[in-house]
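Peer 1: from the sequence below, what's the structure:
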Amino acid sequence: MSLAIKDDEIDVVIGALRSDLTSFMNEWRPIFSRFHLIIVKDPDLKEELKIPEGFNLDVYKKPDIDRVVGSSTSILFSGYSCRYFGYLVSRKKYIISVDDDCLPVRDNKGFLVDAIAQHITNLTTPVTPFFFSTLYDPFSEGADFVRGYPFSLRSGVKCALSCGLWLNLADHDAPTQALKPGQRNSRYVDAVMTVPARALVPISGINIAFDREVVGPALLPALRLAGEGKFRWETMEDIWSGMCVKVVCDHLGLGVKSGLPYVWRNDRGDAIASLKKEWEGVKLMEEVVPFFQSVRLPREATTAEDCIVEVANAVKEQLGSTDHVFDRVAKAMLDWVKLWKSVGSSSFSPGV
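Peer 2: Reported below is the predicted structural model:
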C-alpha cells in the first residue's frame with residue numbers, strides 16, 4: 001500500500017557545475033515544472049548561470065553558502081558537494097537529486113520516463129531488506145511475493161532511499177572506464193530491487209531520492225580526495241555518503257531500493273586523465289569497506305543524527321591512525337550534524 005505525496009512536499013535539488021543550464025532545464029521541463037527546484041551553483045564556477053524562465057526555483061550561490069555556513073566548519077561545498085547544501089536548506093520532506101549532465105529517458109515502449117514519479121513510488125511503497133525476493137520488487141504493479149516468502153515479513157519496512165540508474169555513460173570508476181572507453185550502458189531493465197540488510201552498496205548521487213526528515217543528515221559531504229576534480233571519476237564523496245546512509249538505514253530498520261528510474265547520462269571528462277585523481281579513493285576503499293561492514297551502532301542511537309555521530313567517532317578511533325584523511329572525514333561528519341541542527345532551526349532565503 002503506497003502513501004499519497006503532494007507535489008509541495010518535494011524539492012528537486014540540482015548541483016550546477018556548468019553555467020549554461022538551458023538545454024538541461026528545457027529537457028526536464030515536462031517533469032520539473034510541477035515542483036520546487038533548488039539549484040546550488042558550484043562556488044568555484046565563475047560564470048553566471050543561464051536558466052530559462054518558467055520554473056519555480058531558488059538559486060543559491062557562494063555568498064548564500066558563506067552566509068548560512070560561515071567559516072566555522074570543515075565542510076566544503078565545492079564541486080559535486082554543492083548538492084549537499086541544497087539538502088541542508090530544503091524544508092521539504094522528500095528530496096530528488098539529479099546531476100546537471102543527466103537527461104530524461106524513454107522506456108522500452110518509447111514513453112518519457114517521469115523519474116520523480118518513479119522515485120516517489122519507490123519511497124512510498126514498502127521495502128523488504130530481511131528476506132530476498134527473487135522476483136524483484138513485490139510491491140511493483142503486477143507483481144507479488146513468490147512462493148516460500150514468509151508471510152510474517154511481507155509487510156516490509158519503510159523505504160528511506162531510492163537509487164536510480166543511468167543509460168549511456170555507466171557509473172564506472174576511472175580504471176574500468178579507461179580500460180573500456182567505448183563501453184556504454186544501453187540496457188533498460190524494468191525492475192526495482194531491495195538492497196538486503198547488512199549489504200553495502202556503492203550509492204551514486206547522480207540520480208537519487210530520499211526521505212529528508214528520516215535520513216537527510218546521513219547524506220553528507222565528508223570524504224574529499226586530495227586531488228578531487230569536477231568529474232564523477234574524480235570524486236568519492238557520494239560513495240562514502242552512501243555507505244553512511246546504508247549503515248544508518250540498517251540500524252534504524254529502514255530500507256533502500258535500487259533500479260528504476262533511469263536517466264540518460266552524457267559523456268564528460270577523460271577517464272585516463274582522471275585516473276590519477278581517483279586512484280587515492282580506489283585505495284582507500286580497501287580500508288573503508290571492511291570498516292563499514294563491521295561497524296555496529298548502539299541502541300541509544302535512535303535518529304540519523306545520533307547514528308552519524310557514532311559513525312564519526314568510530315571512524316576517528318578505528319581509521320584515523322591509518323590515514324589522516326579519516327581524521328578530516330570524522331570532523332566533517334560531526335560538523336555536518338551540528339550544521340544540520342543549526343540550519344534546521346533558522347530561516348533564510350537566497351540572496352538572488
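
Peer 1: where does the stretch 101-250 of the chain dip in pLDDT?
Peer 2: Judged by pLDDT under 70, the stretch 101-250 of the chain has its weakly predicted residues at 226-234.

Peer 1: and the helices in it?
Peer 2: Using DSSP state H, counting those that start in this stretch, the helices assigned to the stretch 101-250 of the chain run over residues 115-124, 174-179, 212-215, 237-252.

Peer 1: so for the first one, what gets flagged as buried?
Peer 2: Of the residues in helix 115-124, those buried by neighbour count under the rule 16 or more other Cβ atoms under 10 Å are Ala115, Ile116, Gln118, His119, Ile120, Thr121, Asn122, Leu123, Thr124. In short, each C-beta sits where N, CA and C put it, glycine included.

Peer 1: could these go into TSV alongside distance to Phe32?
Peer 2: Converted to TSV, the buried residues of helix 115-124 look like this (distance: Cβ to Cβ, whole Å):
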residue	distance to Phe32
Ala115	10
Ile116	8
Gln118	14
His119	13
Ile120	14
Thr121	18
Asn122	18
Leu123	18
Thr124	20
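
Peer 1: what about Arg18, distance to Glu237?
Peer 2: For Arg18, the distance to Glu237 equals 18 Å [Cβ to Cβ, to the nearest Å].

Peer 1: same question, Asp114
Peer 2: As defined by Cβ to Cβ, Asp114 lies at a distance of 28 Å from Glu237.

Peer 1: of these two, who's got more company?
Peer 2: Of the pair Asp114 and Glu237, Glu237 is the one with more neighbours under other Cβ atoms under 10 Å, namely 23 against 15.

Peer 1: pretty sure that one sits against Arg224.
Peer 2: Yes - using Cβ atoms under 8 Å, Glu237 is in contact with Arg224, at 6.4 Å.

Peer 1: which neighbours do the two share?
Peer 2: Ser81 (Cβ atoms under 8 Å, 6 or more residues apart in numbering).

Peer 1: are we agreed that Ser23 is in a helix?
Peer 2: Yes - under DSSP: H, G, I helix; E, B strand; the rest coil, Ser23 falls within a helix.

Peer 1: give me the beta-bridge partners of the closest residue to Val189 other than its chain neighbours?
Peer 2: Closest residue to Val189 apart from its sequence neighbours, by Cβ to Cβ, 6 or more residues apart in numbering: Gly259 at 7.0 Å. Per DSSP bridges, the residues bridged to Gly259 are Gly164, Val192.

Peer 1: okay, Gly259 and Arg187: tell me how far apart.
Peer 2: In this view, Gly259 and Arg187 are 12 Å apart by Cβ to Cβ.

Peer 1: and the residue nearest the centre of the chain, what does it touch?
Peer 2: In the chain, the centroid-proximal residue (Cα atoms, centre = their mean) is Gly205; its distance is 3.5 Å. With contacts defined as Cβ under 8 Å, 6+ apart, the neighbours of Gly205 are Tyr80, Arg83, Ser97, Asp99, Glu237, Asp238, Ser241, Gly242.

Peer 1: could you tell me the end-to-end distance of stretch 129-143?
Peer 2: This stretch, stretch 129-143, spans 17 Å end to end (Cα to Cα, to the nearest Å).

Peer 1: quick one: buried residues of it?
Peer 2: Pro129, Phe130, Phe131, Ser133, Tyr136, Asp137, Pro138, Phe139, Ser140.

Peer 1: dump the residue contacts of the third one.
Peer 2: The one in question is Phe131. Neighbour list for Phe131: Tyr149, Pro150, Leu153 [criterion: Cβ under 8 Å, 6+ apart].

Peer 1: repeat the analysis, applying 6 Å as the threshold.
Peer 2: By Cβ atoms under 6 Å, 6 or more residues apart in numbering, the residues touching Phe131 are Leu153.

Peer 1: can you give me phi and psi for it?
Peer 2: phi -150, psi 120 (degrees, to the nearest 10).

Peer 1: what's the spacing between it and Ala143?
Peer 2: The gap separating Phe131 from Ala143 is 15 Å, by Cβ to Cβ.

Peer 1: quickly find the element holding Trp340.
Peer 2: Here Trp340 sits within helix 324-344, counting by DSSP states H and E.

Peer 1: distance from the chain centre to that helix, please.
Peer 2: Helix 324-344 has its C-alpha centroid displaced from the chain centroid by 17 Å (Cα atoms, centre = their mean, to the nearest Å).

Peer 1: check stretch 106-120 too.
Peer 2: Relative to the centre of its chain, stretch 106-120 is centred 19 Å away, using Cα atoms, centre = their mean.

Peer 1: same deal with stretch 45-61?
Peer 2: Computed by Cα atoms, centre = their mean, the chain-centroid distance of stretch 45-61 equals 21 Å.
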